[in-house]
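Colleague: model the structure of this input:
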Amino acid sequence: MAEWVGSEDLPRGEVTMSIHIVALGSERSGLGLLEEGVGQPQGGLLWSYLGRSVVPGGRDTLNRADGTLLNSTAATRHPLNPAFIEYQARMFGDVRVLVHDCPSWDLLDRDWVATRGVLEQADILVIKYSVNDKLTFQQVRDTYSPRIRPLLRHWAVPVIVAAVGARLNEEGPPCTCPLCASDWSSSVPHSEGLQLSRDLGATYLELPSLNDFFVGRYFGGVLEYFMVQCLKQKAKERPDKRRSHKASELRPPQLEQPARLPAVRVEESRFSQDMQWLLERGVQFADVAFYAGDSGKELGWAHAAVLCSVSPYFRQLLLGGGQARERPVSRCACRDGPQSLLSTWDGGVDDPPRPDGHLAGRLSRLVVKDPLLCRCLWDMLRFLYRGASEWKQLQDAAGEKLKSSMAVAELLERVRSFLAREKGSRETLSAHPSQQSSHYLGNLFNSPLCSDVIFMVQGNVLPAHRAVLVARCDVMAAMFSGKYAEARSRVVPIHGVSSDTFLSFLEYLYTDTCCPASVLQAMAVLVCAEMYQVKRLQHLCEVCVCAYLQSMPSRELASTGISVVRLLRRAKCHNADQLYVWLLHFIANNYLIFSHKPDFLELSDEEREQVERVRWPSRGYLQELSEYQQRRRQLRKSRCVVM
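Modeller: The predicted structure is shown next:
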């Protein structure tokens, strides 16, 4: 419902809100919105919806088709931009609707600055055109739309594109006569109008005629929806006068969020790099030698522990024998045909003395009978040492040496046979062995298979492999490589560490993972990692401690027997810098819990100052909360006296 009023008829005290609608374009083909010399919008879209046209200068009370009474006034020109027709209406009771209607698009070329000033005041923009005026539509689409599109995206103003009129010869095939063909070609298709609305981010409407149904319900429904949305947005932006009297009421202080705990970073894994280093530089601990089958030339060295952990083929070849045989007896582990790939030709010959006093042991000599393996043995060993995780690199390296796709395919098939699931099986682990886990040494963890060193920890026997320990731990490398007693002894005692802690430490060296069961165990493994200078394991333990503490609810933190302050002391003592900083912030974020514990006094002056600086809740908030509660109690007492 719309009630027409003039600018002099709008009392300032009654109208609380206003909506500005700017309309551009003409819904008539070849005719402007104003009749010559009349000064009234005759039959316009917005005028048809908001009211009826009247005689210039007069005021009549007219009935709309639905029986609504409308008070109408004549439209006037915009005082600053006469090309715009301005008229007003009152809707929704006391909401003023101000319409600026410009039927001519040439105004954007003549006076763009003034036109933009009117557009900036718009709450809703309506773009109109006649479906039978294709020339004007093309000008709007190609010339004027690109100019107003950036403004609309910046202002976020709702836009309605209204196509008015019925297309000529819209139904059935077009007539072939020149007149009808020209009329048909002058109509604007539905698809072009829809594309224009998409470019402008607008709502597209087609109105075959300006009757009460299409204008009042179809166009009016969309327009009123946007008007309601504008009113809601303006209501949010306006200050609420009804709440002004509550400004003097008591408001509780705002509690800020605690500071974010610092991140604990973990170094990237070097498992594959460590095993490649063992292959390239760990010859001192090698116990497998490869020889060419045709020439007897030595091809390289390897480590039985690594080969047996990654390949069942080598496990059968190196460990699957029975009684000792005299040289040169051959036993073949690859039963895929008459030709053997690898074979061993001595059953237990000790290797000659090695430098640096390394303990002598059994040396296995393997004969490589396949010429493809002889040429690419080093690439295959590097592939196995890195956990069978670089299939593409092996394929590229073999292609560079063999120069034949058929030979590369045969070599890769032989490598697949090394990774077969069972003894003599032709079934491989996967179509591409790169899907294997790189932490394959977990098969040898705490296993006597190929073991060459035994750790005695609190009376427990923990078997291990020197090659793995040397590759994964620098302290172990120095201990087993230098002139120390451990380098010449098979049994190595370990002091100052529990068996469970040292077993977790060995598990990390073999699997590159660490999962302590509690905070105290994680701290014990952290101390062991710091003792043997394994930095990444130390970082993993720091992460575990932080995760366990952060997962505890406040009630459990208050009642737990774990002393966070003593954890702080151990972290600082064992160079766990990230955990030390994290624990300080953790104590500050749970200040009300830890400040009441006796061990809180063990903090140094510097640590206590740092905790006080970032404590949560802050000292200022607690003071404001105390004052608020005191004023509230006084207010309650005063109300009781009045009552």
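Colleague: residue nearest the centroid of this protein?
Modeller: For the chain, Ala263 is the residue whose C-alpha lies nearest the centre (Cα atoms, centre = their mean; 17.5 Å).
Colleague: how near is that one to Leu584?
Modeller: 14 Å (Cβ to Cβ, to the nearest Å). All C-beta atoms are positioned from the backbone trio N, CA, C, and that covers glycine.
Colleague: cool, Pro252 as well?
Modeller: Remark: distance between Pro252 and Leu584 (Cβ to Cβ) = 30 Å.
Colleague: ok, the two, which is more surrounded?
Modeller: The residue with more neighbours, out of Pro252 and Leu584, is Leu584; 22 against 10, by other Cβ atoms under 10 Å.
Colleague: give me the buried positions along the lengthiest helix in the chain.
Modeller: For the chain, the helix that runs over the most residues, judged by DSSP state H, is helix 619-642. For helix 619-642, a neighbour-count test (16 or more other Cβ atoms under 10 Å) marks Glu624 as buried.
Colleague: what of stretch 113-128?
Modeller: By neighbour count on 16+ other Cβ under 10 Å, the buried set for stretch 113-128 is 114-115, 118-119, 122-128.
Colleague: so the residue nearest to the centre of the chain lies in a strand, does it not?
Modeller: No - applying DSSP: H, G, I helix; E, B strand; the rest coil, one finds Ala263 to be coil, outside a strand.
Colleague: looking at the buried residues of stretch 113-128, which are in strands?
Modeller: 124-128 (DSSP state E).
Colleague: okay if I get those as CSV plus pLDDT?
Modeller: Output for these, formatted as CSV (pLDDT from 0 to 100):
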residue, pLDDT
Ile124, 87
Leu125, 86
Val126, 88
Ile127, 86
Lys128, 87
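Colleague: so what secondary structure elements neighbour the host helix or strand of His20?
Modeller: For His20, the host element (DSSP states H and E) is strand 17-24. With contacts taken as 3 or more Cβ pairs under 8 Å, 6 or more residues apart in numbering; DSSP states H and E, strand 17-24 sits against helix 45-50, strand 95-102, strand 124-130, helix 220-237.
Colleague: rerun at 7 Å
Modeller: strand 95-102, strand 124-130, helix 220-237 (3 or more Cβ pairs under 7 Å, 6 or more residues apart in numbering; DSSP states H and E).
Colleague: most tightly packed of those?
Modeller: For the helices and strands packed on strand 17-24, average neighbour numbers computed from mean count of other Cβ atoms under 10 Å are highest in strand 124-130, which has a mean of 23.
Colleague: who are the packing partners of that strand?
Modeller: Packed next to strand 124-130, using 3+ Cβ pairs under 7 Å, 6+ apart, are strand 17-24, strand 159-164, helix 220-237.
Colleague: show residues contacting the longest one.
Modeller: Outside helix 220-237, the residues within contact range by Cβ atoms under 7 Å, 6 or more residues apart in numbering are 17, 19, 49, 95, 123-124, 158, 160, 203, 205.
Colleague: re the thing from before, now the longest helix of the chain: average pLDDT?
Modeller: Helix 619-642 shows a mean pLDDT of 82.
Colleague: CA atoms only for that helix, dumped as PDB, please.
Modeller: Taking Å, rounded to 0.1, in the frame of the first residue of the first chain, the C-alpha atoms of helix 619-642 are listed here in PDB:
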ATOM      1  CA  ARG A 619      45.200  -8.400  37.500                       C
ATOM      2  CA  GLY A 620      43.300  -5.500  36.100                       C
ATOM      3  CA  TYR A 621      40.300  -7.700  35.200                       C
ATOM      4  CA  LEU A 622      40.200  -9.200  38.700                       C
ATOM      5  CA  GLN A 623      40.200  -5.700  40.200                       C
ATOM      6  CA  GLU A 624      37.400  -4.500  37.900                       C
ATOM      7  CA  LEU A 625      35.400  -7.700  38.700                       C
ATOM      8  CA  SER A 626      35.800  -7.000  42.400                       C
ATOM      9  CA  GLU A 627      34.600  -3.400  42.100                       C
ATOM     10  CA  TYR A 628      31.600  -4.600  39.900                       C
ATOM     11  CA  GLN A 629      30.500  -7.100  42.500                       C
ATOM     12  CA  GLN A 630      30.900  -4.600  45.300                       C
ATOM     13  CA  ARG A 631      28.700  -2.000  43.500                       C
ATOM     14  CA  ARG A 632      26.200  -4.700  42.700                       C
ATOM     15  CA  ARG A 633      25.900  -5.700  46.300                       C
ATOM     16  CA  GLN A 634      25.400  -2.000  47.300                       C
ATOM     17  CA  LEU A 635      22.700  -1.600  44.600                       C
ATOM     18  CA  ARG A 636      20.800  -4.700  46.000                       C
ATOM     19  CA  LYS A 637      21.000  -3.300  49.500                       C
ATOM     20  CA  SER A 638      19.600   0.100  48.300                       C
ATOM     21  CA  ARG A 639      16.700  -1.700  46.500                       C
ATOM     22  CA  CYS A 640      15.900  -3.700  49.600                       C
ATOM     23  CA  VAL A 641      15.700  -0.500  51.700                       C
ATOM     24  CA  VAL A 642      13.300   1.100  49.200                       C
END
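Colleague: double-check that Arg555 belongs to a strand.
Modeller: No - if the criterion is three-state DSSP, then Arg555 is helix and not within a strand.
Colleague: and the nearest residue to Arg619 once chain neighbours are set aside, how many neighbours?
Modeller: Leaving aside its chain neighbours, Arg619 sits nearest to Glu612 (7.7 Å; criterion: Cβ to Cβ, 6 or more residues apart in numbering). The tally of other residues near Glu612 (other Cβ under 10 Å) stands at 13.
Colleague: quick one: secondary structure of Glu612?
Modeller: helix.
Colleague: which pLDDT value belongs to it?
Modeller: You'll see Glu612 listed with a pLDDT of 93.
Colleague: give me the distance between it and Ser618.
Modeller: Separation of Glu612 from Ser618 (Cβ to Cβ) stands at 9 Å.
Colleague: again, but for Asp599
Modeller: Separation of Asp599 from Ser618 (Cβ to Cβ) stands at 23 Å.
Colleague: re earlier: Val475: which of the contacts of helix 220-237 is nearest?
Modeller: Using Cβ to Cβ, Pro158 comes nearest to Val475 of the contacts of helix 220-237, at 71.3 Å.
Colleague: the closest one reaches Val126, doesn't it?
Modeller: No - assessed by Cβ atoms under 7 Å, Pro158 is found out of contact with Val126, at 9.7 Å.
Colleague: fine by me, we can end here.
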